[in-house]
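1. Here is a sequence together with a model predicted from it:
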Amino acid sequence: MFTGAVAALLCGALITALMVTVDRFTVGSLTEEIRAAGERVAIQMGQGRLDYPLADYPHRNVQVVDSRGAVIASTPQLQGKPAMAKFIPEHKSATSVVCGGVFPTRQCDIVVAQRAQRGDEHWIVYASSPTIAPWADPQLAGLIGGAVALLAVGITYLGNRIATASLRPVKAIQTELDEINAHCPGRRVPVPPTDDEIHDLATSVNHTLSRLHAALKQHRQMVADVSHDLRTPITAIRAEVEDALYAPQETSVTRLGSTLMGGLDRLQAITHDLATMAKLDSGAPGTREPIALSELVAAELRPRRTTKQIEYALDPDVHVAGDRAQLTRLLASLVENAERHARTTIKVSVRKQPGDPSDDQRFPDGVAVLEVLDDGPGIPPHKRELVFQRFTRLDAARTRDAGGAGLGLPIARQIAEALGGTLHIEDSPSGARFVLYLPILAETERAYS
């Protein structure tokens with residue numbers, strides 16, 4: 001209904017504009033014909049003659065008026081009547097529309113007045129013809145109205161067909177989306193073969209569904225892994241408590257407590273990692289403060305108790321901006337991973353290197369580089385990204401028995417990205433080499449911090 005009304009209005013406006021244009025064109029052409037007819041009579045008057053009939057067409061009138069205003073000659077329709085108009089051209093000719101008077105009631109004529117020289121006198125030749133608007137003709141008005149109605153109906157019908165055909169793929173997409181749920185996350189919406197916005201919409205929806213499917217799979221896997229990781233220490237704690245209850249004379253509170261502390265520490269570590277991961281996933285911003293990276297590394301590692309040897313190479317003037325607690329958590333994850341897999345030695349270095357803004361917009365003022373290298377078995381290149389996936393622990397030398405819940409390195413990478421940097425595993429002669437890149441804090445930012 002709305003489309004039909006709009007189509008009718010637009011068609012009416014188009015036809016009206018067209019008819020006004022046609023009317024102005026026909027009026028202009030008719031005026032030129034009238035002027036030519038009057039000019040012919042004015043030329044004859046200047047030659048001292050007057051040829052009859054004065055007008056070539058029966059609906060056209062011509063009058064010759066002398067200098068005193070008397071009608072000297074006229075076409076038969078105006079015979080014996082006064083002058084058809086009173087206006088006198090200031091120059092050679094003038095045009096006006098005259099209604100009534102010598103003309104029939106409710107009739108308007110276009111009148112062109114032209115000067116004519118008759119001896120020493122200036123006479124006037126009036127020539128006229130009725131002007132009829134296109135809509136004044138009932139047949140023409142009916143034709144215009146019918147054309148408007150037919151055009152509006154045609155536009156409405158075609159518009160409805162085109163809209164229905166265009167929206168049919170959208171309906172198919174909506175139907176498929178309504179049926180997709182957690183029980184069938186692998187389904188996708190149909191992609192129309194056309195190269196248009198609906199095709200792009202369907203493609204974008206499928207990409208979104210793929211990401212949601214991947215997130216759902218990751219969530220399910222995470223729930224399974226968390227359940228498994230929590231089940232192991234809980235089972236061990238339960239076994240120890242049951243043994244103590246069955247044979248209380250063979251244990252003591254001290255012995256039982258020391259035995260349970262390992263499982264409780266593991267439970268605490270897993271819950272802490274899950275809380276940290278949830279906070280990072282929520283995108284909650286951390287505090288931003290200037291941090292001397294080398295001082296933070298030294299303060300965290302020198303008092304650390306470990307059976308491995310830790311070697312340092314720390315440049316003193318390396319400053320970054322970020323959350324101290326998050327950066328400490330990242331460093332702890334890298335060092336704990338190195339401790340589990342190093343044979344004898346862990347090397348930690350901090351340095352500063354220039355950054356080219358054309359290479360990476362994240363490091364306009366330079367790059368702070370933190371490296372943690374162990375002398376363990378290393379990680380094959382094709383598995384280096386796997387260790388940054390949650391609850392992933394590699395086989396062989398990096399097994400579940402080595403400890404860890406598989407969340408430390410994924411959390412470390414999330415922290416690095418939250419601080420505007422990157423964390424990768426790079427090539428090394430031996431062992432695993434974790435490299436953290438962070439934006440250098442500019443001198444001006446340090447001064448205002």
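-> Nice, I can see it.
2. what sits opposite the residue nearest to Ala83 when sequence neighbours are not counted in the beta ladder?
-> In this structure, Ala83 finds its nearest non-sequential neighbour in Val65, 5.0 Å apart by C-beta to C-beta, 6 or more residues apart in numbering. For every residue, glycine as well, the C-beta is placed using N, CA and C. On the basis of DSSP bridges, Val65 is bridged to Val71, Ile124.
3. For Cys99, give me its contacts.
-> Counting by C-beta atoms under 8 Å, 6 or more residues apart in numbering, Cys99 makes contact with 106-109.
4. who wins for most neighbours among the residues you listed?
-> Of all these, the most densely surrounded is Asp109 (25 neighbours; neighbours counted as other C-beta atoms under 10 Å).
5. Which residue ranges make up the domains of this structure?
-> 2-136, 197-281, 289-448 (automatic domain parsing).
6. From the contact counts, what lies against the lengthiest helix in the chain?
-> The longest helix of the chain (DSSP state H) is helix 197-246. For helix 197-246, the packing partners by 3 or more C-beta pairs under 8 Å, 6 or more residues apart in numbering; DSSP states H and E come out as helix 138-179, helix 253-281.
7. Select, out of those helices, the one closest to Gly100.
-> Set against Gly100 and scored by C-beta to C-beta, those come closest in helix 138-179, at 22.4 Å.
8. ok now the closest one, how far from the chain's centre?
-> Relative to its parent chain, helix 138-179 has a centroid offset of 28 Å by C-alpha atoms, centre = their mean, to the nearest Å.
9. what packs against that helix?
-> On a contact count with 3+ C-beta pairs under 8 Å, 6+ apart, helix 138-179 meets helix 2-46, helix 197-246.
10. ok, now how distant is Val367 from Leu436?
-> 10 Å (C-beta to C-beta, to the nearest Å).
11. who touches both of the two?
-> By C-beta under 8 Å, 6+ apart, no residue touches both Val367 and Leu436.
12. So which of the contacts of Cys99 are in strands?
-> Counting by DSSP state E, the contacts of Cys99 place 108-109 in strands.
13. Nearest to Ala214 among the contacts of Cys99?
-> Cys108 (79.5 Å).
14. Who does that closest one form a beta bridge with?
-> Here Cys108, judged by DSSP bridges, has bridge partners Cys99.
15. Do you know the pLDDT at it?
-> Cys108 is assigned 85 on the pLDDT scale.
16. can you tell me how far it sits from Glu90?
-> Separation of Cys108 from Glu90 (C-beta to C-beta): 23 Å.
17. One more: Ile162?
-> For Ile162, the distance to Glu90 - C-beta to C-beta - is 59 Å.
18. just to revisit the earlier point, mind listing what the residue nearest to Ala83 touches?
-> 71-72, 83, 123-126.
19. re earlier: among Val367 and Leu436, which residue is more densely surrounded?
-> Neighbours per residue, other C-beta under 10 Å: of Val367 and Leu436, the larger number sits with Leu436, 26 against 22.
20. Give me the buried positions along the helix or strand harbouring that one.
-> If you go by DSSP states H and E, Leu436 is part of strand 433-439. By neighbour count with 16 or more other C-beta atoms under 10 Å, strand 433-439 contains the buried residues 433-439.
21. what's the closest of those to Ala5?
-> For these, the nearest to Ala5 is Pro439 (59.9 Å; C-beta to C-beta).
22. Wait, the closest one touches Phe363, no?
-> Yes - assessed by C-beta atoms under 8 Å, Pro439 is found in contact with Phe363 at 5.2 Å.
23. before we move on, back to that, mark which of the contacts of Val65 are buried, thanks.
-> 71, 83, 123-126.
24. how about those residues in TSV, adding pLDDT?
-> Shown next, in TSV, are the buried ones among the contacts of Val65 (pLDDT from 0 to 100):
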residue	pLDDT
Val71	84
Ala83	87
Trp123	86
Ile124	88
Val125	87
Tyr126	89
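25. Rebuild those residues as a markdown table, extending it with distance to Met222.
-> A markdown table is the format used below for the buried ones among the contacts of Val65 (distance: C-beta to C-beta, whole Å):
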| residue | distance to Met222 |
| --- | --- |
| Val71 | 108 |
| Ala83 | 104 |
| Trp123 | 108 |
| Ile124 | 103 |
| Val125 | 102 |
| Tyr126 | 100 |
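26. Closest one of those residues to Pro58?
-> Of these, the one sitting nearest to Pro58 (C-beta to C-beta) turns out to be Tyr126, at 17.1 Å.
27. which element is the residue nearest to that closest one when sequence neighbours are not counted on?
-> Of all residues not flanking Tyr126 in the chain, Gln63 sits nearest, at 4.5 Å (C-beta to C-beta, 6+ apart). Applying DSSP H and E as the criterion places Gln63 in strand 61-65.
28. just Ala321 next, same as before
-> Ala321 belongs to strand 319-322, assigned by DSSP H and E.
29. Quickly run through the sheet partners of that strand, with directions.
-> Here, using DSSP bridges, strand 319-322 pairs with strand 289-292 (antiparallel).
30. Tell me how far the strand it pairs with lies from the chain's centre.
-> 38 Å.
31. Pull out the buried positions in that strand.
-> For strand 289-292, a neighbour-count test (16+ other C-beta under 10 Å) marks 291-292 as buried.
32. Name the residues of the next helix or strand after it that come out as buried.
-> Remark: after strand 289-292, the chain's next helix or strand is helix 293-301, criterion DSSP H and E. By 16+ other C-beta under 10 Å, the buried positions in helix 293-301 come out as 293-294, 296-298, 301.
33. Perfect, that will be all.
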